[in-house]
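Asker: below are the sequence and a predicted model; questions follow.
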Amino acid sequence: MSFVLFIYPPISFSEKSELAAYSPPLGILYLGTVLKNEGHEVHVIDAEAEQLSLAQIRKRIESIDPEVIGLTCLTFTLESCKAIIKGIRRISDAYIVVGGPHVSVAPQASLKDIGADAYVIGEAESVVRDIVRDRPRGMVHAQEIRDIESIPFPDRSLVKHIEYGNFYGMKIRENMTGILTTRGCKYGCTYCNRPKKLCFRTRSPKNIVQELKEIDRMGFESVWLADDNFTNDPKNVMKLARLVRRERLKFDFYGQARVDVPSRALYRSMRDMGVMGLSFGVESLNPEVIKWYNKTRYPQKWPQNVKKTLDLCNEYGIVFLGSLIFGAPMETMEDMEYSIEFLDKNGADLMNGNVLLYLLGSAIWYRAVKMGKIKPDQFVISAPQIGMTPYSYEELTELCDRCTNISKKEGWKRVVRKVLKRRQFGMIYSGMKEFVKHYWRVRKVRREVYDYGYGKGHTIKI
Ligand code: B12
Ligand code: SF4
């Protein structure tokens with residue numbers, strides 16, 4: 001039996017995020033569960049959610065005194081991951097292993113700078129037992145798990161000390177947790193940095209409902225559908241909705257979806273199972289831009305699908321959060337203004353704007369490296385910084401602000417109307433109570449909430 005500690009590093013130690021404790025880090029909960037079932041003692045520090053400083057993390061590590069420490073590394077948390085490891089080395093001789101989305105897409109030579117003993121590429125459930133036992137050095141390649149139902153449900157008691165569901169500086173319902181109904185994604189958007197090798201796999205509704213029952217027993221009221229895209233397999237979603245209703249499971253669900261399945265049956269099912277809000281990657285209303293992003297094989301149909309999806313969300317009372325990206329090379333100011341206007345006119349409840357980022361692992365990043373616009377060690381850089389758009393960073397962020405302002409002025413009224421339409425009076429009541437309780441904090445963080453997504457100013461030069 002070993003003492004194992006998993007750490008989820010924060011984006012920043014200096015800027016505290018009120019959005020942080022939104023949903024638990026399922027990746028390390030899955031790994032922790034595999035190890036717990038093998039008899040290891042497992043601890044989890046979610047430094048993002050708990051808003052811990054480096055000194056506080058070090059103190060926790062000293063008190064747990066683990067033999068093995070595992071960290072999740074996103075490209076956005078690379079620097080804090082390195083800082084934590086540097087700190088660990090000063091106080092402990094624990095074996096350190098790092099995995100996560102960054103490790104799976106980064107050039108292998110760059111990983112040694114992180115300072116760990118081993119790096120795991122891919123989904124680690126199949127290798128984590130051996131890693132803890134054998135403590136290998138260097139790269140470990142994990143095989144993709146085909147039968148995702150063979151993975152035990154993530155043990156949420158590992159983070160029972162943390163209250164998730166914090167949105168807009170407050171919690172609308174009792175504690176929230178996350179669930180994955182699928183793994184991987186069917187699409188290949190050119191700005192996205194999900195590993196392209198990951199196949200799309202889906203769980204059976206029966207298996208998902210078993211986990212939801214466990215979640216219900218634990219007292220959660222809200223569930224974040226942590227899939228890359230919850231509607232990737234519409235038929236499965238409809239079956240799941242039927243089963244959720246049959247089993248009388250009552251949750252508010254939130255998640256991410258795409259606009260290209262505007263099926264009435266699908267949206268009615270999602271409403272019936274309790275889906276309250278979905279975030280959609282609309283990105284742009286210009287088919288040329290959509291084609292460049294490789295969002296769909298039918299870019300000409302994109303505006304029509306966005307409109308249909310908006311109509312369905314409005315009809316079924318599902319909150320529509322539309323996310324836009326500004327700064328594709330061929331995108332004009334008129335195009336970007338039109339995208340905002342389109343969403344607003346057609347009744348999007350909330351919208352957020354993001355300056356286009358060239359992210360390590362994405363197709364546009366590789367292309368820009370080939371063109372000599374980005375150095376291979378620049379992992380995150382925005383379109384204006386490399387001259388890939390005729391507009392300045394300020395001009396593009398001004399558009400992001402416009403999205404924020406529309407959400408602030410009209411958005412919340414529309415949201416409240418939808419919640420009332422769904423007769424979710426309990427949600428209105430608890431929302432109002434929380435709003436009054438946390439009024440000043442909510443005011444302070446509203447900027448952050450609307451800017452959420454592929455954020456502004458996230459520029460990491462390595
Ligand atoms: C849910 C989610 C969120 C939630 C909750 C975050 C959380 N606490 O998990 C919220 C909405 C808060 C969020 C926020 C952000 N997110 Co997010 N998020 C996701 C999403 C959709 C699912 C995460 C998940 O549960 N995955 C499922 C598990 C099973 O996979 P996994 O985490 O990769 O873990 C496996 C392996 O990576 C590996 N592994 C992971 N950790 C470790 C550790 C060790 C020791 C080992 C050995 C292996 C290992 O094994 C795990 C099990 O198979 C992913 C996309 C995705 N599908 O992963 C994006 C994703 C992780 N997010 C991303 C980003 C960019 C962000 C933000 C930076 C956005 C922003 N601008 O603010 C913030 C970062 C906040 C933070 N510090 O986490 C990117 C990261 C890209 C990158 N390379 O950096 C992703 C990949 C989305 C994308 N398509 O680009 N996110
Ligand atoms: S942006 Fe979303 S839909 Fe597109 S490839 Fe990435 S995860 Fe899939």
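Answerer: In hand now; what should we look at? As the structure is a prediction and not an experimental result, all values here were calculated from the model. Ligands and ions are numbered 1, 2, ... in the order given.

Asker: where exactly do the strands run in the stretch 201-350 of the chain?
Answerer: Per DSSP state E, counting those that start in this stretch, the stretch 201-350 of the chain has strands spanning 201-202, 222-225, 252-257, 275-283, 319-326, 350-355. These are given in chain order.

Asker: what about the fifth one, near ligand 2?
Answerer: What it means is strand 319-326. No. Judged by CB under 6 Å from any ligand atom, strand 319-326 stays clear of ligand 2, getting no closer than 9.9 Å. Heads up, the C-betas are built off the backbone N, CA and C, glycines and all.

Asker: got a list of contacts for that strand?
Answerer: Taking CB atoms under 8 Å, 6 or more residues apart in numbering as the criterion, the residues outside strand 319-326 that touch it are 191, 276-284, 293, 306, 309-310, 313-314, 336, 339-340, 343, 347-356, 391, 396, 399-400, 403, 415, 418-419, 453-454.

Asker: leaving out sequence neighbours, find the closest residue to the residue of the stretch 1-150 of the chain found nearest ligand 2.
Answerer: Ligand 2 sits closest to Pro101 of the stretch 1-150 of the chain, with a gap of 11.0 Å, by CB to the nearest ligand atom. Excluding the flanking residues, the one nearest Pro101 by CB to CB, 6 or more residues apart in numbering is Leu74, at 5.4 Å.

Asker: wait, what's in contact with that neighbour?
Answerer: For Leu74, the residues meeting the contact criterion (CB under 8 Å, 6+ apart) are Gly100, Pro101, His102.

Asker: do Arg135 as well
Answerer: Contacts were defined as CB under 8 Å, 6+ apart; by that measure Arg135 touches Val68, Tyr95, Asp117, Ala118.

Asker: beta-bridge partners for the second one, please?
Answerer: Looking back up the chat, that one is Tyr95. Under DSSP bridges, the beta-bridge partners of Tyr95 are Val68.

Asker: ok, it touching Val68?
Answerer: Yes. The pair Tyr95 and Val68 qualifies as a contact (CB atoms under 8 Å) at a distance of 5.0 Å.

Asker: which residue does the stretch 301-450 of the chain bring closest to ligand 2?
Answerer: Ser362 (8.7 Å).

Asker: whichever of the contacts of strand 319-326 end up buried, select them in PyMOL.
Answerer: Here is the PyMOL command that picks out the buried ones among the contacts of strand 319-326, judged by 16 or more other CB atoms under 10 Å:
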select buried, resi 191+276+277+278+279+280+281+282+283+284+293+306+309+310+313+314+336+339+340+343+348+349+350+351+352+353+354+355+356+391+396+399+400+403+415+418+419+453+454
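
Asker: re earlier: please pick the buried ones from the contacts of Arg135.
Answerer: Buried subset of the contacts of Arg135 (neighbour count, 16+ other CB under 10 Å): Val68, Tyr95, Asp117, Ala118.

Asker: using a markdown table, lay out the residues you listed together with distance to Arg242 and pLDDT.
Answerer: Shown next, in a markdown table, are the buried ones among the contacts of Arg135 (distance: CB to CB, whole Å; pLDDT from 0 to 100):
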| residue | distance to Arg242 | pLDDT |
| --- | --- | --- |
| Val68 | 43 | 98 |
| Tyr95 | 47 | 98 |
| Asp117 | 48 | 98 |
| Ala118 | 44 | 98 |
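
Asker: of those, closest to ligand 1?
Answerer: Within the set of the buried ones among the contacts of Arg135, Ala118 lies nearest ligand 1; the separation is 7.8 Å, counting by CB to the nearest ligand atom.

Asker: with just CA atoms, put stretch 132-143 into PDB.
Answerer: Taking only C-alpha atoms (Å, rounded to 0.1, in the frame of the first residue of the first chain), the coordinates of stretch 132-143 have been written out as PDB:
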ATOM      1  CA  VAL A 132       2.700   3.400  -8.500                       C
ATOM      2  CA  ARG A 133       4.200  -0.100  -8.100                       C
ATOM      3  CA  ASP A 134       7.200   0.200 -10.500                       C
ATOM      4  CA  ARG A 135       7.900   4.000 -10.400                       C
ATOM      5  CA  PRO A 136       9.200   4.100 -14.000                       C
ATOM      6  CA  ARG A 137      11.200   7.100 -15.300                       C
ATOM      7  CA  GLY A 138      10.600   9.100 -18.500                       C
ATOM      8  CA  MET A 139       7.700   8.600 -20.900                       C
ATOM      9  CA  VAL A 140       4.800   6.200 -20.300                       C
ATOM     10  CA  HIS A 141       2.400   5.700 -23.200                       C
ATOM     11  CA  ALA A 142      -1.100   4.700 -22.000                       C
ATOM     12  CA  GLN A 143      -3.300   2.700 -24.300                       C
END
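
Asker: list the contacts of the residue nearest the centre of the chain.
Answerer: Closest residue to the average C-alpha location of the chain: Ala226 at 6.7 Å, with CA atoms, centre = their mean. The neighbours of Ala226, taking CB under 8 Å, 6+ apart as the test, are Ser23, Leu26, Gly178, Ile179, Leu180, Gly255.

Asker: pick out the most distant pair among these.
Answerer: Of all pairs drawn from those, the one with the longest distance (CB to CB) is Leu26 and Gly255, at 13.1 Å.

Asker: of these two, who's got more company?
Answerer: Set side by side, Leu26 and Gly255 show unequal neighbour counts under other CB atoms under 10 Å, the larger going to Gly255 at 22 against 16.

Asker: list the residues that contact that one.
Answerer: Trp224, Leu225, Ala226, Asp227, Phe230, Val275, Leu278, Ser279.

Asker: identify the residue nearest it in space, chain neighbours excluded?
Answerer: Leu225 is the one closest to Gly255 (CB to CB, 6+ apart), at 3.1 Å.

Asker: pretty sure that neighbour contacts Thr182?
Answerer: No. Under the contact definition of CB under 8 Å, Leu225 does not touch Thr182, with a separation of 9.2 Å.

Asker: show me the domain layout of the protein.
Answerer: Annotated domains of the chain cover 3-148, 165-461 [automatic domain parsing].

Asker: which one of those lies closest to ligand 1?
Answerer: domain 3-148 (2.1 Å).

Asker: just checking, Cys192 touches Ser362?
Answerer: Yes. The pair formed by Cys192 and Ser362 meets the contact definition of CB under 8 Å, at 5.7 Å.

Asker: how close does Glu41 get to Ala118?
Answerer: With distances defined as CB to CB, to the nearest Å, the gap from Glu41 to Ala118 amounts to 20 Å.

Asker: now Cys81
Answerer: The value you get for Cys81 to Ala118, if CB to CB is used, is 14 Å.
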